[in-house]
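> Provided below are the primary sequence and the corresponding predicted coordinates.
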Amino acid sequence: MNNEEKIAKIKEERKEMLESVNKSLKENGSVVGNDAKDALLTVIDFDEKKVKKYEALINAQELIEELTLEIANTTDVEEIMEIRKKINSCINKIKAELKKRDIPEERMEEYQSKVSYLRKDIAKYIRFLKRENNIKELENSNKNYDNLSEEDQKLFKKNLKNEIRYNARYLSEPKEDKYEVVKTSFGDLKFPKKQETKNHDDSIKSLIAQINLPKAEEKKESSLEFIPRVSVPEVDDFSTAEEYLDNRINFYNQQYKIIPTYEYNYSFLGNIVKLIKNVPIYSENKKAALKMHRDSVLFYGGSDLRSYTAYIQKKNSIRQGLKSVFSRSYLLSDEGQCLNDHNRCIEWLMDYCDNNSLQINYQMKKAY
Amino acid sequence: MDNVDLELLDNEELMELLAALEGMNDEVNKELEEEENKDE
């Protein structure tokens, strides 16, 4: 019988008792005697106390259920800190009450060992509920993934990896049904019926597969994939600079398949690579090509280049590196040499970004 | 907590309530700690 049922039973018994007293009053004009009356009042008083006690137990049970669910249903740090304040205030009140009772130490230890299961069970149950929520959230993200913009998809991929790592503790919790009810002397802690969790692990795997997160070993692979060299078009084959540049850009696009290894340096790297891909072969005789090149630099790399320049002013090593990258691309007039330089530039940048991507990313953010 | 009349609970019931709250506190602290590490 739970506490609610106990209260209902007491109230029912009291009702019967009062009905019997009223009946006796009606029929006999008095209750059967003072002793009986006192006894009746004592019973009623005793019952009152019992009801209050059961009510206190019910409230304690509700408090624990509410707090547990509050913790499980939020990931917001501010909210969690608020909940912690509430919990600590409750803990302090209970400790004060226990102190008032002056319980002998050995008795306290005995109690503690008796109830230690509950401390573990509640923590475990919260992790279980968190797991449920996290999985549900990941699944919802998965459903919405296709509707995201390209930029948001990139951001999602980046965040998801962190989220999965962060939530690993929760996601690895067992999925059996055993924590639905935690038994306590203030009642069974009942929690909402959980959803079927059978396929959740598969869902996560398929989610990861679907969005094609970079694997650890991929990081070591070269960022560039060279395809066999095709014949380089001659500058004199084209009548206008525009035609020449279009051809050049297409050529570089085909020649170098740029595979960004890290999501987080993609936008930065992408712009630099675009910049370099559009640097045409410069010779003294092709001033129009140089003009187009400048236009393409402004068009493709303008904003990144500005912030990048701000950054390289502070960092000698990067400045030297970039200076050599860009000056070689700008100034070399020999076509074969220039092409080699393009390879070297891109490789250098790729390697540099691979080795320093976090730092660059951070500095780039600051520069913006 | 204001709804719970602690004086009416016996020692063992109080200790159980305390254990449950401490279990929550453990979990909340772990979560906040992880959140801090994540930020770093």
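Alright, I've got the coordinates. Here the structure is a predicted model, which is why all the values come from computation and not from measurement. Numbering: from 1, shown residues only, chains lettered A, B, ... in the order given.
> and the stretch 101-250 of chain A, which of its residues are near chain B?
A:101, A:103, A:107-108, A:111-112, A:114-116, A:118-123, A:126-127, A:162, A:166, A:169, A:184-186, A:189 (CB under 8 Å from any CB of the partner chain). Backbone N, C-alpha and C define where each C-beta goes, glycine included.
> pick out the residue in chain B sitting closest to chain A.
Nearest to chain A, among the residues of chain B, is B:G23, at 3.3 Å (CB to the nearest CB).
> which residues does that residue contact?
Neighbouring residues of B:G23 by CB atoms under 8 Å, 6 or more residues apart in numbering or on different chains: A:118-123, A:126.
> can I get those in CSV with pLDDT and secondary structure?
Below are those laid out as CSV (pLDDT from 0 to 100; DSSP: H, G, I helix; E, B strand; the rest coil):
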residue, pLDDT, secondary structure
A:L118, 86, helix
A:R119, 87, helix
A:K120, 85, helix
A:D121, 83, helix
A:I122, 86, helix
A:A123, 85, helix
A:I126, 85, helix
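> now render those as JSON lines, adding neighbour count and distance to B:L9.
Compiled in JSON lines, the contacts of B:G23 are given as follows (neighbours: other CB atoms under 10 Å in any protein chain shown; distance: CB to CB, whole Å):
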{"residue": "A:L118", "neighbour count": "24", "distance to B:L9": "14"}
{"residue": "A:R119", "neighbour count": "20", "distance to B:L9": "17"}
{"residue": "A:K120", "neighbour count": "12", "distance to B:L9": "21"}
{"residue": "A:D121", "neighbour count": "19", "distance to B:L9": "19"}
{"residue": "A:I122", "neighbour count": "27", "distance to B:L9": "18"}
{"residue": "A:A123", "neighbour count": "21", "distance to B:L9": "22"}
{"residue": "A:I126", "neighbour count": "26", "distance to B:L9": "23"}
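> so, low pLDDT: which residues of the chain?
If you meant another chain, say so; for now it's chain A. Applying pLDDT under 70 to chain A picks out residues A:17-18, A:21-22, A:24-46, A:135-148, A:152-180, A:190-368.
> looking at chain B here, not the other one
Within chain B, the stretches with pLDDT under 70 are B:38-40.
> which stretches of it form helices?
B:11-39 (DSSP state H).
> ditto for the stretch 1-150 of chain A
A:3-28, A:34-72, A:77-101, A:105-145, A:150-166 (DSSP state H, counting those that start in this stretch).
> anything in stretch A:81-92 near chain B?
Yes. Counting by CB under 8 Å from any CB, contacts between stretch A:81-92 and chain B involve A:81, A:83-84, A:86-91.
> now that stretch - C-alpha only, PDB.
Taking Å, rounded to 0.1, in the frame of the first residue of the first chain, the C-alpha atoms of stretch A:81-92 are listed here in PDB:
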ATOM      1  CA  MET A  81      23.400  25.800 -11.600                       C
ATOM      2  CA  GLU A  82      20.000  26.900 -10.400                       C
ATOM      3  CA  ILE A  83      18.900  23.300  -9.700                       C
ATOM      4  CA  ARG A  84      22.100  22.700  -7.800                       C
ATOM      5  CA  LYS A  85      21.300  25.700  -5.600                       C
ATOM      6  CA  LYS A  86      17.900  24.200  -4.900                       C
ATOM      7  CA  ILE A  87      19.400  20.800  -4.100                       C
ATOM      8  CA  ASN A  88      22.000  22.200  -1.800                       C
ATOM      9  CA  SER A  89      19.300  24.200   0.100                       C
ATOM     10  CA  CYS A  90      17.300  21.000   0.600                       C
ATOM     11  CA  ILE A  91      20.400  19.100   1.700                       C
ATOM     12  CA  ASN A  92      21.300  21.800   4.300                       C
END
